[in-house]
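Student: give me coordinates for this.
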Amino acid sequence: MRRTGGATGGTGGATGGTGGATGGTGGATGGTGGATGGTGGTTGNQCPGTAPANNSACTAAGAMCKYGNNQCTCWGDQWHCNPCPANAPSQGSNCGTFGYACNYDSTACGCDFQNTDWQCLTCPATKPADESTCSDQSAVCPYTGSFCRCRWTGSAMRWDCP
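Tutor: Reported below is the predicted structural model:
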C-alpha cells in the first residue's frame with residue numbers, strides 16, 4: 001500500500017518520496033529542492049523557489065532554506081539570509097565575511113557583532129521552553145511552524161521562542 005503524507009514515505013513523507021525529509025523531490029538531503037541536492041531548501045514547500053530578499057516578509061516561521069552557500073531562515077516575520085560556509089564551521093573559528101546564523105542539520109551556528117568567532121550548538125530535538133537557558137547567542141533553531149533564537153537578556157543566555 002502506498003502512503004501519501006505519511007511519516008515514513010510516499011508523497012510528502014518524513015523520510016522519503018516526493019517532498020520527503022530525506023530524499024526524493026524536495027527532500028532534505030537529496031533530489032530537486034533538497035538541502036544538499038539542489039536549490040529550494042530543507043523544509044519542503046515552505047521554501048520559495050528562488051532566494052527571498054533579506055529582511056523581506058515571510059509567514060513560514062521556522063523555515064530554513066538553502067540556496068547555494070546562502071541560507072535563508074524565516075523568523076520574526078522576516079527572511080534572514082546569510083552567506084554560510086558549505087560545512088559547519090569549527091567552534092571558535094573566525095567568522096570572516098560569513099553570516100549571522102547558519103544551520104547544518106541539527107547544528108546551529110551563530111556569529112554577531114559582539115563576537116566575531118563562530119559559536120555552535122546542537123538544537124534541542126523538541127522546541128525548548130521560552131526563556132529557558134541556552135548556550136549560544138545568535139543561534140536560531142527551526143521547529144515546525146516556529147523557531148527559537150538564543151539571545152543574551154542582559155544577565156543570561158535565554159531561548160526566545162515565539
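Student: my guess is residue 141 is in a helix, correct?
Tutor: No. Going by DSSP: H, G, I helix; E, B strand; the rest coil, the assignment for residue 141 is strand, not a helix.
Student: can you give me the strands for the protein?
Tutor: 64-67, 70-75, 78-83, 101-104, 107-112, 115-122, 140-143, 146-152, 157-160 (DSSP state E).
Student: list the contacts of the fifth one.
Tutor: Counting contacts by C-beta atoms under 8 Å, 6 or more residues apart in numbering, the residues outside strand 107-112 that touch it are 88-89, 95, 98-103, 117-123, 136-141, 150. All C-beta spots, glycine's among them, are computed from the backbone N, C-alpha and C.
Student: try 7 Å
Tutor: 88-89, 95, 98, 100-102, 118-123, 136-141 (C-beta atoms under 7 Å, 6 or more residues apart in numbering).
Student: kindly report the same for the second one.
Tutor: Where contact means C-beta under 7 Å, 6+ apart, the residues beyond strand 70-75 that reach it are 51-52, 58, 60-65, 79-84, 101-103, 140, 142, 147, 149.
Student: now do 6 Å
Tutor: 51-52, 58, 60-61, 63-65, 79-84, 102, 140, 147 (C-beta atoms under 6 Å, 6 or more residues apart in numbering).
Student: do the same with stretch 138-155
Tutor: 61-62, 64, 73, 75, 101, 108, 110, 112, 121, 123, 127-128, 134, 136-137, 157, 159-161.
Student: count the residues that sit near residue 95.
Tutor: 20 (other C-beta atoms under 10 Å).
Student: likewise residue 91?
Tutor: Residue 91: 12 neighbours (other C-beta under 10 Å).
Student: need phi/psi at residue 69.
Tutor: Reported as degrees, to the nearest 10, the phi and psi values for residue 69 are phi -90, psi 10.
Student: would you put the C-alpha positions of stretch 93-113 in PDB?
Tutor: Extracted in PDB, the C-alpha atoms of stretch 93-113 (Å, rounded to 0.1, in the frame of the first residue of the first chain):
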ATOM      1  CA  SER A  93      36.900  29.900  14.300                       C
ATOM      2  CA  ASN A  94      36.700  33.400  12.900                       C
ATOM      3  CA  CYS A  95      33.500  34.300  11.100                       C
ATOM      4  CA  GLY A  96      35.300  36.400   8.400                       C
ATOM      5  CA  THR A  97      32.700  37.600   5.900                       C
ATOM      6  CA  PHE A  98      30.100  34.900   6.700                       C
ATOM      7  CA  GLY A  99      26.700  35.400   8.100                       C
ATOM      8  CA  TYR A 100      24.900  35.800  11.300                       C
ATOM      9  CA  ALA A 101      23.000  32.500  11.600                       C
ATOM     10  CA  CYS A 102      23.800  29.300   9.700                       C
ATOM     11  CA  ASN A 103      22.300  25.800  10.200                       C
ATOM     12  CA  TYR A 104      23.600  22.400   9.400                       C
ATOM     13  CA  ASP A 105      21.100  19.700  10.100                       C
ATOM     14  CA  SER A 106      20.600  19.900  13.900                       C
ATOM     15  CA  THR A 107      23.600  22.200  14.500                       C
ATOM     16  CA  ALA A 108      23.000  25.900  14.600                       C
ATOM     17  CA  CYS A 109      26.000  28.300  14.400                       C
ATOM     18  CA  GLY A 110      25.900  32.000  15.100                       C
ATOM     19  CA  CYS A 111      28.200  35.000  14.800                       C
ATOM     20  CA  ASP A 112      27.300  38.500  15.700                       C
ATOM     21  CA  PHE A 113      28.700  42.000  16.000                       C
END
